[in-house]
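Enquirer: show me the folded form of this:
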Amino acid sequence: MAGREGDDFEAELAQHVRVAYRLARAILLDDAEAEDAVQDACLAAWRQRSSLRDHGAFTTWFDRILINGCRDRLRSRQRRQVRAISLQAAWRESSEAPASGDARLDAALEELDLEHRLVVLLRYWLDLPLEAIAERLGIPTGTVKSRLHYALVALRTGMEAGDGRG
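Expert: Numbers count the residues shown, from 1 in each chain. Coordinates of the predicted model:
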């Protein structure tokens, strides 16, 4: 029976990897680091699979592991200076690019702190309801609403500044 559960877990994980990569890429804004984050999250999920009590909540559970891993990577990135090679042009040509294709929006998103960027991405990119975002981030729904409000104000300001109107 344990083998069957492992097969089900692997199938669920395999089904979610593409979406997970796009989410990690949108958070980290780096292709290679997103790939590493997803691999790390898959390994962590496999190791922690016994903690998943409700298999119907797999996506929420896995997204939380992935988001926390992305947070750790961003914190680590702040501690060390890394000179990244920009692959933006190649990424924009991809049909599955999570980025908007709008340089002004990309720049405005990059200016948001991680917590505000996460709520915007989860709400408008994954189209999650506020309660699901709160569950994934482990915060109250009111905090999600507040972060979303301030993030949208900042995005609007950043977009207007990019237009030369700001």
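Enquirer: same for the helix or strand G142 falls within, what does it pack against?
Expert: Taking DSSP states H and E as the criterion, the element that holds G142 is helix 141-163. Helix 141-163 sits against helix 103-111, helix 114-120, helix 130-137, with contacts defined as 3 or more CB pairs under 8 Å, 6 or more residues apart in numbering; DSSP states H and E. No exception for glycine: its C-beta is placed from N, CA and C like everyone else's.
Enquirer: gap between it and the chain center?
Expert: 17 Å (CA atoms, centre = their mean, to the nearest Å).
Enquirer: among the helices and strands packed on helix 141-163, which comes closest to R71?
Expert: Evaluated over these, closeness to R71 peaks at helix 114-120, with 6.3 Å, by CB to CB.
Enquirer: show me the contacts for N68.
Expert: By CB atoms under 8 Å, 6 or more residues apart in numbering, N68 lies in contact with nothing.
Enquirer: swap in 10 Å and give it another go.
Expert: A41, A44, R136, L137, G138 (CB atoms under 10 Å, 6 or more residues apart in numbering).
Enquirer: and A57, by the same measure?
Expert: When contacts are counted by CB under 10 Å, 6+ apart, A57 is found next to R64, E135.
Enquirer: now do it, the pLDDT please.
Expert: pLDDT recorded at A57 is 88.
Enquirer: do S95 as well
Expert: pLDDT, S95: 45.
Enquirer: just G6 next, same as before
Expert: G6 is given a pLDDT of 64.
Enquirer: quick one on the thing from earlier: and L155, which of the helices and strands packed on helix 141-163 is closest to it?
Expert: Closest approach to L155 among the helices and strands packed on helix 141-163 (CB to CB): helix 103-111, 4.9 Å.
Enquirer: how far does that closest one sit from the chain's center?
Expert: Between the centre of helix 103-111 and the centre of its chain there are 15 Å (CA atoms, centre = their mean).
Enquirer: for stretch 64-82, same thing?
Expert: Relative to its chain's centre, stretch 64-82 lies at 11 Å (CA atoms, centre = their mean).
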